[in-house]
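Q: The sequence and its predicted three-dimensional model are supplied below.
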Amino acid sequence: MADVHGFCDERFRPLEDAFRANLDSGLDKGASLAVKLHGEPVVDLWGGTRDYEITLPWEADTVVRVFSTSKVMVMIMILMLVDRGHLDLDEPIATYWPEFAKHGKGTITTRQVLIHQSGLPGYGRSVTFEELGDRRRSSAIIEDAELWFDPGTASCYHAQTFGDLLAGVIERTSGFPFEEFHEREIAVPLAADFHFGLPVEQAGRVSALWPAKGQLVPISPMAERVIAEFLTQSELIDPDLLPTAVASLGGITNARALAHIGSIIAMNGEVDGRRYLSSAIIAEAGTEQSHADDLAVGWVRYGLGFGLHTEDYPAPTPTTMHWGGYGGSFITMDPASGVSCGFAQSQLLLDGGPFADRRRVEFWRLLGEITATL
C-alpha cells in the first residue's frame, strides 16, 4: 500500500481513498491533491515517488509542471486588469499592442482569445520551448502569425498561443512581464508555491514526469494541425527547461498551491482579508460566453477562459469553473459552495480525449457528491 501523507477531513475521505487507489495501482507514480472549503484547508495529500529510480519520496513541498492548468493563472491576471480598468475585453488587442495588428489581426479582442475564437490557434510553424520562454521572440512570432480563420467564426482550442497572446496583453496593460505580475499580484500575496520558471537551485524538489500513457486522438484536421505545432514530449518533460517561463503550459506547482489560488474564485474574490477580484467580474467569468463544437477538442462550454459544466463534460457542480493540463492536472473553483480543488501529478495519462482522464473524472464525481452534502 502506498504511503500517503498529509491530512483529510472525514467528510472528504472518498477523495483520499481514490487518491491512494491510484498510487496503489500504479496509475500514478507520485501526486498531490488538495481541497479548500471557504478558504480553509480540508484536504492536503501527497504520496508516491518523484524520481525515475523510485528512491525519492514525493514530499510536502514537491512541485511539478502542470501544463495547461497554468492557463488559469493567466485568466485570473486578465480579470484583475479588467477589474482595475486597465483592459477592456472587447477592445481590439491592437489598441494595447499595435504591432499585433499585422496580417489582418487588428480586430481580435481579448474576449475572443479567452473563448478560443481569435482565429489564431497556432503560429503557422513549429516552435520550441526556448522560443516560447523568450518573451521578445514569442511576441514577434505572434505578431508575424497569420489567421487560420476569421475571428469569431469558430472555436479552436489555443493550446499554446493562448498564453502568448494574453501574456502580451498583460505586459502591455500592467507594465510588468507576465511572470512578474503573477508573482506580485497572486503568488507572493497568497504565499502560493506556483512558479512560471523555477530557479535551478530548486530543481531538487521538482518531480520528474513520466511519459504519457495512452494516446490523444485528434478529432479533426484542424486539431492535427494544432498538434503538429505542439512541443515534443521530450521538451515538455525536460528538467533542464525548468527556469523557462511559458504562460500557456509552463507553470510549476503542487495541489496545495492550486487549491489556494483557486480560492480567489471560490471565495468570490477575497482571501484572508485581501480582495483580489470583484464579485462582479467573477460572476461574469462564470457566465457562458461560448458553447461550441470546438475544432480541436470537441464540444466545450466557456466562461471567461474557464471551462463550465456541461452534460457531456460534467464539472463537480453546475457552478464550478475549471481547467486542466496535459496529462491530468486540474483546478476547480466553485463560488456557490466555496470549494476549490487542485491536483498535480507526475504520470501523464492520455485516455483518448482531452477531457477523458479517468482520475479527473472520478475525483470530480466524488467532489460533486461530497459538495452536495456540505
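A: Yes, it's here.

Q: show me where the stretch 251-374 of the chain has strands.
A: Assigned by DSSP state E, counting those that start in this stretch, the strands in the stretch 251-374 of the chain fall at 251-253, 270-271, 274-275, 290-294, 298-302, 307-308, 321-324, 330-334, 339-345, 347-352.

Q: Out of those strands, which gets nearest to Ala154?
A: Taking CB to CB, strand 290-294 is the member of the strands of the stretch 251-374 of the chain nearest to Ala154, at 7.6 Å. The way it works is simple: take the backbone N, C-alpha and C, and place the C-beta from them, glycine included.

Q: Direction included, what does that closest one pair up with?
A: Partners of strand 290-294 in the sheet, by DSSP bridges, are strand 298-302 (antiparallel).

Q: next one: the strand it pairs with to chain centre, how far?
A: 16 Å (CA atoms, centre = their mean, to the nearest Å).

Q: what's next to it, contact-wise?
A: 114-116, 155, 157, 219, 288-294, 307-310, 312-313, 353-355 (CB atoms under 8 Å, 6 or more residues apart in numbering).

Q: mind redoing it with 10 Å?
A: Residues from elsewhere that reach strand 298-302 (CB atoms under 10 Å, 6 or more residues apart in numbering): 114-117, 155, 157, 219-220, 223, 285, 288-294, 307-313, 315, 321, 323, 353-355.

Q: For the strands of the stretch 251-374 of the chain, give me CSV that also has distance to Leu56.
A: Below are these laid out as CSV (distance: least, CB to CB, whole Å):
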stretch, distance to Leu56
strand 251-253, 17
strand 270-271, 32
strand 274-275, 36
strand 290-294, 39
strand 298-302, 37
strand 307-308, 34
strand 321-324, 26
strand 330-334, 24
strand 339-345, 16
strand 347-352, 15
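
Q: how about these, which one is nearest Arg65?
A: strand 251-253 (5.4 Å).

Q: Val169 is in contact with Leu81, correct?
A: Yes: here Leu81 lies in contact with Val169, judged by CB atoms under 10 Å, at a distance of 7.8 Å.

Q: any residues in contact with both of these two?
A: 87, 89, 96, 110.

Q: where do the helices sit along the stretch 51-200 of the chain?
A: Using DSSP state H, counting those that start in this stretch, the helices of the stretch 51-200 of the chain run over residues 71-83, 110-114, 129-132, 135-144, 161-174, 178-182, 188-190.

Q: among those helices, which is nearest Phe100?
A: Nearest of the helices of the stretch 51-200 of the chain (CB to CB): helix 135-144, 5.7 Å.

Q: Just give me how far the closest one sits from the chain centre.
A: Offset of helix 135-144 from its chain centre (CA atoms, centre = their mean): 22 Å.

Q: In that helix, which residues are buried?
A: Buried residues in helix 135-144, counted by 16 or more other CB atoms under 10 Å: 135, 138-139, 141-143.

Q: re earlier: take the strands of the stretch 251-374 of the chain and lay them out in JSON lines including distance to Pro14 and mean pLDDT.
A: What follows is the strands of the stretch 251-374 of the chain, written out as JSON lines (distance: least, CB to CB, whole Å; pLDDT from 0 to 100):
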{"stretch": "strand 251-253", "distance to Pro14": "24", "mean pLDDT": "95"}
{"stretch": "strand 270-271", "distance to Pro14": "26", "mean pLDDT": "97"}
{"stretch": "strand 274-275", "distance to Pro14": "32", "mean pLDDT": "98"}
{"stretch": "strand 290-294", "distance to Pro14": "30", "mean pLDDT": "94"}
{"stretch": "strand 298-302", "distance to Pro14": "26", "mean pLDDT": "93"}
{"stretch": "strand 307-308", "distance to Pro14": "23", "mean pLDDT": "96"}
{"stretch": "strand 321-324", "distance to Pro14": "19", "mean pLDDT": "96"}
{"stretch": "strand 330-334", "distance to Pro14": "16", "mean pLDDT": "98"}
{"stretch": "strand 339-345", "distance to Pro14": "13", "mean pLDDT": "98"}
{"stretch": "strand 347-352", "distance to Pro14": "20", "mean pLDDT": "82"}
